[in-house]
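Asker: The following comprises the amino acid sequence and a computationally predicted model.
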Amino acid sequence: MSSNLINKIKLLANKKVNIMEVCGTHTMAIAYSGLKSLLPKNINLISGPGCPVCVTPTPIIDSAIELAKKGLIITTFGDMLKVPGSNSSLEKEKSNGNDVRMVYSCFDALKIAQKNPKKEVVFVGVGFETTSPTIAATIKTAEKEKTKNFSVIPAFKVIPPALKVILEQKNLKIDGFLLPGHVSAIIGSKPYQFITEKYKISSVITGFEPSEILEGIFMILKQIKTKKPIIEIQYKKVVKKEGNPFAMKLLYSIFEESDSQWRGLGIIKKSGLKFKYKYKKFDALQKFKTKLKNAKEPVGCLCGKILTGTVKPIQCHLFGKKCNPSNPIGPCMVSSEGTCAAYYKYGQ
Amino acid sequence: MLVRSSWYELRVIMCLAIPGKIISIKDKIADIDFGGIKRKAGLDLLPAAKIGDYVIVHAGFAIQILDTKDAKKTLKMLKNIKIK
């Protein structure tokens, strides 16, 4: 079936098109399966900003490190541990004897808090709309079970406003978007309407198997050919037009939109989430009076530009030399969804 | 063969969610079978899920029910694609 699709893609690919895969999991799947080598040269796949660890700015890492040094239990997803802050990383702080723990779910962090009632437990909350509802559900449980020693550093991001910034870039022309499957499982297709209505860019919400990605590319090319850009759903087995309204309602009962800083993209309006007033006691930054301080990006690291699709990893002088998975300089090499990590592990 | 073996090895990836079948439910927590491996997941985001449903699980919570009918439809559509 896949070779059939590739032939059909070849027939449609009669001019150069730039297709951005927004989600880091797509980037990894494309690299892992070697899809690029099978596609015609006219199709230029560009990695986007959809790696939550990568877009988390250094001040968030620095604040988590600061709290770890104060003796709090810091919990987060595995990928966050190695990300370099200004002077250290959570992994280094762990080896210095501070209590830093990796969890699979925010709910596991809540359980750690309940088992250690005399200690404060902080969850470093990164992720997009796939992840943030799981944190909202955990906060709801913490509220119900009156857990007072649990809080979250809210560093969540919302995808659609970032795509708007990508489309406004003058040095990169996008012809189509492979939109993220699991973010869309929560938000549905409506929040992307501006992409086709205002910018007239073809877009397909796509699954993560290589055959699904090929189908997504094919659907984009077909839209380009017929000059009818719409938000199509390839990943219908999981994504409904309306998304998961229950999860969205729960999410926005705990959080509200706020301006947020993205690595590489700067501050984007209404692209982050902060705690609503009623739940601000769960905001670790407020609870421990921690202010986010400006921080410099690692010298020579092009992660920010890679996240906007304007530079590819091989154009970075550090890539594969000073910067590699065992000694990552920037987060694009750290995260298992990072573009640099994908290029390093699987080649071009 | 394009489709490589299993995605389970990449389970820690943050946006990757994996499908499994609900085998029992107790207090909004489901036991889920991921092809022989059993794990618990919260149903807080998917209260309508029931035993026998295939769900997509992300970071310890089920986030969406898998629509097997639609999945089959997609496969059929793929087979019938024609390029003029």
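Answerer: Now that the structure is in, tell me what you want to look at.
Asker: Leaving out chain neighbours, which residue sits closest to the closest residue to chain A within chain B?
Answerer: Among the residues of chain B, B:G60 lies closest to chain A, at 2.6 Å counting by CB to the nearest CB. No exception for glycine: its C-beta is placed from N, CA and C like everyone else's. Distances taken as CB to CB, 6 or more residues apart in numbering or on different chains place A:S105 nearest to B:G60, at 2.6 Å, with adjacent residues excluded.
Asker: mind checking pLDDT for that neighbour?
Answerer: Confidence at A:S105, expressed as pLDDT, is 94.
Asker: same thing with B:D67?
Answerer: So, for B:D67, pLDDT stands at 80.
Asker: And A:K157, by the same measure?
Answerer: So, for A:K157, pLDDT stands at 97.
Asker: burial of it, as a residue count?
Answerer: Residues within reach of A:K157, counting by other CB atoms under 10 Å in any protein chain shown, total 25.
Asker: dump the residue contacts of it.
Answerer: Contacts for A:K157 were tallied using CB atoms under 8 Å, 6 or more residues apart in numbering or on different chains; they are A:52, A:55, A:126-128, A:260, A:262, A:271-273.
Asker: how far away is it from A:L307?
Answerer: 12 Å (CB to CB, to the nearest Å).
Asker: Next: A:Y252.
Answerer: Taken as CB to CB, the span from A:Y252 to A:L307 is 26 Å.
Asker: buried set for stretch B:52-60?
Answerer: Neighbour-count burial for stretch B:52-60 flags B:53-60 (criterion: 16 or more other CB atoms under 10 Å in any protein chain shown).
Asker: can the residues you listed go into JSON lines with extra columns for distance to A:P210 and pLDDT?
Answerer: As requested, the buried residues of stretch B:52-60 are exported to JSON lines (distance: CB to CB, whole Å; pLDDT from 0 to 100):
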{"residue": "B:D53", "distance to A:P210": "26", "pLDDT": "92"}
{"residue": "B:Y54", "distance to A:P210": "21", "pLDDT": "90"}
{"residue": "B:V55", "distance to A:P210": "23", "pLDDT": "91"}
{"residue": "B:I56", "distance to A:P210": "18", "pLDDT": "91"}
{"residue": "B:V57", "distance to A:P210": "21", "pLDDT": "91"}
{"residue": "B:H58", "distance to A:P210": "20", "pLDDT": "91"}
{"residue": "B:A59", "distance to A:P210": "24", "pLDDT": "92"}
{"residue": "B:G60", "distance to A:P210": "27", "pLDDT": "93"}
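Asker: quick revisit: quick check: the residue nearest to B:G60 touching A:A137?
Answerer: No. With contact defined as CB atoms under 8 Å, A:S105 does not reach A:A137; the gap is 9.9 Å.
Asker: Show me whatever sits in contact with both of the two.
Answerer: Common neighbours of A:S105 and A:A137 (CB under 8 Å, 6+ apart) are B:42, B:61.
Asker: Report whether stretch A:273-291 contacts chain B.
Answerer: No. Residues of stretch A:273-291 contacting chain B under CB under 8 Å from any CB of the partner chain: none, with a closest distance of 15.5 Å.
Asker: quick one: contacts for A:Y192?
Answerer: Taking CB under 8 Å, 6+ apart, one finds A:160, A:163, A:179, A:184, A:203, A:205, A:231 in contact with A:Y192.
Asker: now, which of these sits nearest chain B?
Answerer: A:S184 (9.7 Å).
Asker: List the neighbours of stretch A:86-98 that are in contact with it.
Answerer: A:58, A:61-62, A:64-65, A:68-69, A:71, A:74, A:76, A:80-83, A:100, A:124, A:295-296.
Asker: scratch that, stretch A:165-175
Answerer: A:17-20, A:46, A:48-49, A:195, A:199, A:201-202, A:220, A:224, A:265-266, A:268, A:308-310.
Asker: rerun at 10 Å
Answerer: For stretch A:165-175, contacts defined as CB atoms under 10 Å, 6 or more residues apart in numbering or on different chains pick out A:15-20, A:22, A:43-44, A:46, A:48-49, A:163, A:177, A:194-195, A:198-199, A:201-203, A:220-221, A:223-224, A:229, A:262, A:264-266, A:268-269, A:271, A:305, A:307-311.
Asker: where's A:F123, which helix or strand?
Answerer: strand A:121-127 (DSSP states H and E).
Asker: Off-centre distance for that strand?
Answerer: Between the centre of strand A:121-127 and the centre of its chain there are 14 Å (CA atoms, centre = their mean, to the nearest Å).
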